[in-house]
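pasting the sequence and the predicted model now:
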Amino acid sequence: MMKNLLFFIFALSISSLANAAGSFSTLEERMSGTDFKETGLQKLTADELAALNEWLRRHSVATLENSAAHPSSSAASARSTEDLRGFDDQPDNDPDGKDSKLINATIVGPFTGWDRKGTLFKLSNGMVWQQSEKDTFYTKQPVNNPEVTVEKGFMGIWRLSLAGYDDTVRVKRIQ
């Protein structure tokens with residue numbers, strides 16, 4: 001009976017995500033049956049599991065990179081009301097239309113630093129920035145939701161700095 005229920009949930013979630021990005025794998029596809037059960041995901045309803053997979057699809061790094069490289073028309077129209085600062089060839093205006101080359105926000109979750117090229121910085125305002133230079137910096141202890149400033153400087157280069165620290169890192173906006 002339990003196997004039939006798991007199979008039904010799996011089949012339903014696969015069918016409901018048929019329109020999702022081709023490169024996205026659902027939790028059921030990524031995890032072994034044992035891992036799926038040990039994490040308690042089999043307790044979710046089909047709708048809850050589909051919603052979780054959809055959230056993961058929307059927030060996965062691969063999806064973020066694809067949407068930044070090839071925005072759909074609906075994504076492009078949604079961007080018209082978003083804060084576009086940091087994207088290539090976009091004005092340095094915040095959503096209120098004010099010229100601003102300074103963005104203040106917090107990093108979502110625990111932060112320990114950046115390590116070489118590619119660290120992602122997910123901000124509370126919905127922006128996602130990626131480290132674009134080979135540099136390392138570590139905090140002595142993890143910091144939860146630290147305040148950061150992203151500032152546009154010379155030749156259009158954006159730099160992220162962590163409140164209370166002197167180090168900065170060059171970043172590029174990806175979402």
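Nice, I can see it.

report the mean confidence score over the lengthiest strand in the chain.
In the chain, assigned by DSSP state E, the strand with the most residues is strand 136-144. The average pLDDT within strand 136-144 is 88.

so in that sheet, which strands flank it, and in what orientation?
Neighbouring strands of strand 136-144 in its sheet, by DSSP bridges, are strand 110-115 (antiparallel).

partners of the following helix or strand past the strand it pairs with in the sheet?
Under the assignment DSSP states H and E, the closest C-terminal helix or strand after strand 110-115 is strand 120-122. Strand 120-122 pairs in its sheet with strand 128-131 (antiparallel), by DSSP bridges.

contacts for the partner strand?
Strand 128-131 is contacted from outside by 64, 86, 114, 116-123, 150, 158, 160, 169-175, using Cβ atoms under 8 Å, 6 or more residues apart in numbering. In short, each C-beta sits where N, CA and C put it, glycine included.

if we go to 6 Å?
For strand 128-131, contacts defined as Cβ atoms under 6 Å, 6 or more residues apart in numbering pick out 64, 114, 117-122, 169, 171-175.

related to what we said a few turns ago, the longest strand of the chain: which residues count as buried?
Within strand 136-144, the residues scored as buried using 16 or more other Cβ atoms under 10 Å are 137, 143.

elements contacting the very next helix or strand once past it?
Once the chain leaves strand 136-144, the next helix or strand it forms, by DSSP H and E, is strand 147-152. Contact here means 3 or more Cβ pairs under 6 Å, 6 or more residues apart in numbering; DSSP states H and E; on that basis strand 147-152 packs against strand 102-106, strand 158-162.

what angle sits between strand 147-152 and strand 110-115?
40 degrees (axes from the mean of the first three to the mean of the last three Cα atoms, to 10 degrees).

of all the helices and strands packed on strand 147-152, which lies closest to residue 133?
Residue 133 lies closest to strand 158-162 among the helices and strands packed on strand 147-152, at 9.5 Å (Cβ to Cβ).

just to revisit the earlier point, name only those of the contacts of strand 128-131 that count as buried.
Buried among these (16+ other Cβ under 10 Å): 64, 114, 119, 121-122, 169, 171, 173-175.

which of those residues sit farthest apart?
Maximum pairwise distance in the buried ones among the contacts of strand 128-131, criterion Cβ to Cβ, is 18.7 Å, between 64 and 169.

if anything else comes up later, I'll come back, but that's it for now.
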